[in-house]
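Q: Model the structure of this input:
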Amino acid sequence: MTVGHELTKITELKLFHNHMSIELFHPFFGFSSETWRLSSIVRREFFESFSNSNQYGLIFTYIWGFDLQADWEFVKQTCDIFESKGAEIYFVELEANIEERVTRNATAFRLDQKPTKRNVEQSEMDLINTMEKHRLNSKEGEITRENYLRINNTNLSADEVAKLIKDEFKL
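A: Prediction:
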């Protein structure tokens, strides 16, 4: 999300981060199946609308469980929406070590953008559990897209990463 935000500053891209739809329903349903169901509907409808617009492009951030078939299907369905309208898709996979992810998890910007993360202790526990339970980075050659970039951003700032992405894809 933070890298996406920085990328909006140096391109004409718009940012729709994963939690924008989650935060909408969490106050009513918590982290229940109803939140995920409604969030999925909102995302799909938003993607359809955006893909039909004259906008330059969209950044969508998402934590992809590479061991989860449902996540693979979601990514494919999302790409299909945009590609059916002639859009080019660019994949950027970011990776950072656990220590850095835990540190970033409590930054003021992240907490401002993601109210569900404001219980930092719980959020940190969720982050660690998710990393232990699921494979959050691809295996070598697993993503076969032409426009694909993998960056280990453990020791890079968000604006440095955004510049790398902009330059790589000539955005």
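Q: Can you show me the strands along the protein?
A: 14-17, 58-61, 91-95, 148-152 (DSSP state E).
Q: Same list (those strands) but as JSON lines, adding mean neighbour count.
A: For glycine as for every other residue, the C-beta is placed from the backbone atoms N, C-alpha and C. Shown next, in JSON lines, are the strands of the chain (neighbours: other CB atoms under 10 Å):
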{"stretch": "strand 14-17", "mean neighbour count": "17"}
{"stretch": "strand 58-61", "mean neighbour count": "18"}
{"stretch": "strand 91-95", "mean neighbour count": "18"}
{"stretch": "strand 148-152", "mean neighbour count": "15"}
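Q: Of those strands, which is nearest Phe74?
A: strand 58-61 (10.7 Å; CB to CB).
Q: and the closest one, what other elements does it pack with?
A: Counting contacts by 3 or more CB pairs under 8 Å, 6 or more residues apart in numbering; DSSP states H and E, strand 58-61 is packed against helix 2-10, strand 14-17, helix 33-51.
Q: pull the CA atoms of it into PDB?
A: Taking C-alpha atoms only, strand 58-61 is exported to PDB below (Å, rounded to 0.1, in the frame of the first residue of the first chain):
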ATOM      1  CA  LEU A  58      -4.900   1.400 -11.400                       C
ATOM      2  CA  ILE A  59      -2.700   0.100  -8.700                       C
ATOM      3  CA  PHE A  60      -4.200  -2.700  -6.700                       C
ATOM      4  CA  THR A  61      -2.300  -4.100  -3.700                       C
END
